[in-house]
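>>> Just the structure for this:
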Amino acid sequence: MNKKTSSFLWNLRQLNLNICPFGSSSSRRTMKLDALELHEPKMTYQNSTLKNFLFLDSLQKLQSSVRFFCQDMLVFHLEGNEIQKRRLNTLTSTSGVKLLCPRQLSFDSQCFLVSDTIPQLAVDGLKKMMVPTEHDLSQKEKQLDFVTHRNLIQHCNSMSDVLDVFSKFPRFSSCNYFITMWKIAKNMSEDQKRFERQLLYEHPAFNQLSDQVMKEAKTVKLQQLAFTLYALIKIGIPQNTYLVQVLLRIVQERINECDETCLSVLSRTLEVMEESKNVDALRAGLRLLVDKEIWTLEHIFTLQTVMKCIGKDAPYPLKKKIEIKALKELKKFSPVNSQHMFGALAALNHRSLILLNECSKNVAANIHGCPFWMLMSILQSCKELQYQNLDLFTAIADYVTTTFDMWKIKQVLALLFVFESLRFRHIGLMNLFLKRVLDESQSLNQKEILRILHIYSSLNHFHECENQQFLEVITSALNTYLPKISSLNLLKAVYCFCVLKHFPQEPFNQLFQENIINELLMSGSESEKTEYMLHQVNTCLELEDTSVLKSTAVTLKECSSAQFRSNVEVENMLLNLLENERLFLKNVQLAHNYFVDFELRMDSKRSKVFPVSEADVFTAEPDILRVALLCVPRSAFCFGTTHPRGGLGMKIRHLKALGFHVILVNTWEINKLDMNSAVTFLKNKIFSPEAFPTAPEFAA
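From the prediction side, this is the model:
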């Protein structure tokens, strides 16, 4: 065999072994930025890159004229069952010519290039190999149309159908099969997904497809590999499988090839994956990449996805750099970007007040139309970040109030439950919900009843007109669950009734049964909280007008004394104001485990203060008034108001029952003032308005 023939056969062998291992298509759809279809996808079409390793490596990009490539070459064109040939000179362009590719030969290769020095014998043999019958050609064209135009998802109703197609077309890019499975599975219920996964594992082609994905992983584009990994996780393929772990390792190796789209896809993938060595390694790699490329990111959505991925353990300098990047892009923030930023900052565990305040303004201004799940996400993120914004909360509550009829009772209850954890009390929304409860009390389950009691007692909310009717309806709804309610839930419900100053007989009678009390006192981790609630219930029965239930109370061991917290600042202000330390007592322990920060003895008009020792002589006289001064933190009030929450409200009632006049001193207001202003503030709190403008007389 002469040298030229030998060269031709060697080249032909290389074609069948090495060229175009993944196939190609005349056009490729490229999805930009929003790779996970969280927003409307933007698609562009571009010509696919043509590769031919038979001649020169430098031909990796299509050129309009390839003189050095085509000199002394013949182009053979298939027409019918005949091969027509013509010579290409150095001025001929190959832009319209399809290069020889073994994977395409089985479908649509209609022309190929060979040297004009190849013997006719080899060409005749090539002709026999290449020329199909008319019927075969028609079938192959249909198959090619099916694959290249991505009609796979239209022809498959299940993930198993995709594997059936793979069995027929195993040379088509294997990554696309898994991506197609994910798109099909997105519209399935969880039960259907579980059934489909079982069929998937039992399919004979599943292992073959998995092997092919792993073989192609090092050579496919990283973007396609990232999509494949995301598809596997969303389908529900176990994370500890060899397939997933291999893809994770390969992505780690190729992390430097990552562009913005890959970064978005990989971040979304890692966000939903459990921690493991490979996941942690890839997340660490992404952190390094983000730290390096943060200033090149063009889209806010990518930045937010990255924030959710790199997690709370990211180093503080990286968190600060991300915050600065977000602040620089504030002008580009859409209402949706502002909404998502709350969740992103919560996932990053970074409390950026400037960013949160700006996003709150944007969200509040564009609150109408915001879906329920987004409202919940914003409020939950605020809770995690310990961020409170009165304007934001009010805007959300006002929006729900004005569109109240379109919300389900469970949705409003969920929002109120989060509002309660943020100490936010919106009177209009709570009154509307109270009326809805009166109409739909029959549909409430035990958990919802307990939540309603917790919300209204914690925020100390009473309806002016329908409060008693509301409490009776809730009591009636709870009574239906008394036979099967747990002891702890029963205690919580009764405690809430006590805070709301409502004492229904049936729940109380059931609570104070000996076996239930013993069970509660023997409870493990919540024993201290349980004892406190039992003592409070007992205190209510003793101090308040509950004559029907007087005999119900049980004897409990003494609760541990409350720890005193001396308020030195207020003590100094009292000394400055009264000029005598004998005129007040500090940290006074009372019955029923109550204590007050400071106690004063005053006349009934609250114009004069008596020394404690001297006041003891006049304790029997009606005009001697015991004044309890309570130093109260901001958390004891509903957010943005001076409305006391449930625990403080009940303590005020009980102190009044013990004969005290209660004065609340807001410590956060005192701390903002200088000494002179603070003393004036305290003076106005202690002495009645009738005592002014004349100065009070202090006893010696």
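
>>> How many residues are close by the closest residue to Cys359 other than its chain neighbours?
Leaving aside its sequence neighbours, Cys359 sits nearest to Ser338 (Cβ to Cβ, 6 or more residues apart in numbering; 4.1 Å). Heads up, the C-betas are built off the backbone N, CA and C, glycines and all. Counted with other Cβ atoms under 10 Å, residues neighbouring Ser338 total 23.

>>> So which residues of the stretch 551-700 of the chain form helices?
Using DSSP state H, counting those that start in this stretch, the helices of the stretch 551-700 of the chain run over residues 568-578, 612-615, 646-657, 667-670, 675-686.

>>> Looking at those, which is nearest to Arg287?
Judged by Cβ to Cβ, the one of the helices of the stretch 551-700 of the chain that comes nearest to Arg287 is helix 667-670, at 38.5 Å.

>>> what's the spacing between the closest one and its chain's center?
Put simply, helix 667-670 sits 35 Å off its chain's centre (Cα atoms, centre = their mean, to the nearest Å).

>>> Stretch 247-255 too?
The answer for stretch 247-255 is 27 Å, by Cα atoms, centre = their mean.

>>> now do stretch 637-656
33 Å.

>>> in that stretch, what's buried?
Within stretch 637-656, the residues that qualify as buried are 637-639, 643-646, 648-655, counting by 16 or more other Cβ atoms under 10 Å.

>>> Could you find the closest non-adjacent residue to Thr269?
Counting by Cβ to Cβ, 6+ apart, the residue nearest Thr269 is Tyr230, at 4.5 Å.

>>> quick check, the residue nearest to Cys359 in a helix?
Yes. The assignment for Ser338 (DSSP: H, G, I helix; E, B strand; the rest coil) places it in a helix.

>>> before we move on, the earlier item: among the helices of the stretch 551-700 of the chain, which is the most enclosed?
helix 646-657 (a mean of 18; mean count of other Cβ atoms under 10 Å).

>>> For that one, C-alpha coordinates in PDB please.
Output of helix 646-657 as PDB, limited to C-alpha atoms (Å, rounded to 0.1, in the frame of the first residue of the first chain):
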ATOM      1  CA  GLY A 646     -49.200  39.800  77.800                       C
ATOM      2  CA  GLY A 647     -46.800  39.000  80.600                       C
ATOM      3  CA  LEU A 648     -46.400  42.600  81.600                       C
ATOM      4  CA  GLY A 649     -50.100  43.300  81.300                       C
ATOM      5  CA  MET A 650     -50.900  40.400  83.700                       C
ATOM      6  CA  LYS A 651     -48.200  41.500  86.200                       C
ATOM      7  CA  ILE A 652     -49.700  45.000  86.300                       C
ATOM      8  CA  ARG A 653     -53.100  43.500  87.000                       C
ATOM      9  CA  HIS A 654     -51.800  41.400  89.800                       C
ATOM     10  CA  LEU A 655     -49.800  44.300  91.400                       C
ATOM     11  CA  LYS A 656     -52.900  46.400  91.400                       C
ATOM     12  CA  ALA A 657     -54.700  43.500  93.100                       C
END
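
>>> neighbours of Pro335, just the number please.
Using other Cβ under 10 Å, Pro335 has 15 other residues around it.

>>> what sits against it?
362-363, 365-366 (Cβ atoms under 8 Å, 6 or more residues apart in numbering).

>>> now do 10 Å
Contacts here follow Cβ atoms under 10 Å, 6 or more residues apart in numbering; on that basis Pro335 touches 359, 362-363, 365-367, 369-370.

>>> Distance of it relative to Asn366?
Separation of Pro335 from Asn366 (Cβ to Cβ, to the nearest Å): 4 Å.

>>> and of the buried residues of stretch 637-656, the nearest to Tyr201?
Closest to Tyr201, out of all of these and judged by Cβ to Cβ, is Phe639, at 51.8 Å.

>>> ok, the nearest residue to that closest one once chain neighbours are set aside to Leu438 distance?
Sequence neighbours aside, Arg423 is the residue nearest to Phe639 in space, at 4.2 Å (criterion: Cβ to Cβ, 6+ apart). Counting by Cβ to Cβ, the gap from Arg423 to Leu438 is 25 Å.

>>> ok, of the helices of the stretch 551-700 of the chain, where does mean pLDDT dip lowest?
When these are compared on average pLDDT, helix 612-615 comes out lowest at a mean of 58.

>>> Please compute how far whichever helix or strand Ala364 is part of lies from its chain's middle.
Counting by DSSP states H and E, the element that carries Ala364 is helix 353-365. Centroid separation for helix 353-365 versus its chain: 18 Å, with Cα atoms, centre = their mean.

>>> Tell me the confidence at Ala326?
In this model, Ala326 carries a pLDDT of 95.

>>> what's the helix or strand harbouring it in contact with?
Secondary structure assignment for Ala326, by DSSP H and E: helix 316-328. By Cβ under 10 Å, 6+ apart, the residues outside helix 316-328 that reach it are 287-288, 290-291, 294-295, 297, 300, 303-304, 306-307, 310, 312, 314-315, 333, 337, 341, 344-345, 348-352, 354-355, 358-359.

>>> Now with 7 Å, please.
Contact partners of helix 316-328, identified using Cβ atoms under 7 Å, 6 or more residues apart in numbering, comprise 287, 291, 294-295, 303, 307, 348, 350, 352, 354-355.

>>> and if you look at stretch 276-290?
Contacts for stretch 276-290 (Cβ under 7 Å, 6+ apart): 239, 245, 248-249, 251-252, 255, 258, 266-267, 270, 273, 306, 309-311, 314, 318.

>>> Kindly report the same for stretch 573-580.
By Cβ under 7 Å, 6+ apart, stretch 573-580 touches 581, 584, 598, 609, 675, 678-679, 682-683, 698.

>>> Lowest average confidence across helices and strands of the protein, where is it?
helix 102-105 (a mean of 34; mean pLDDT, DSSP states H and E).
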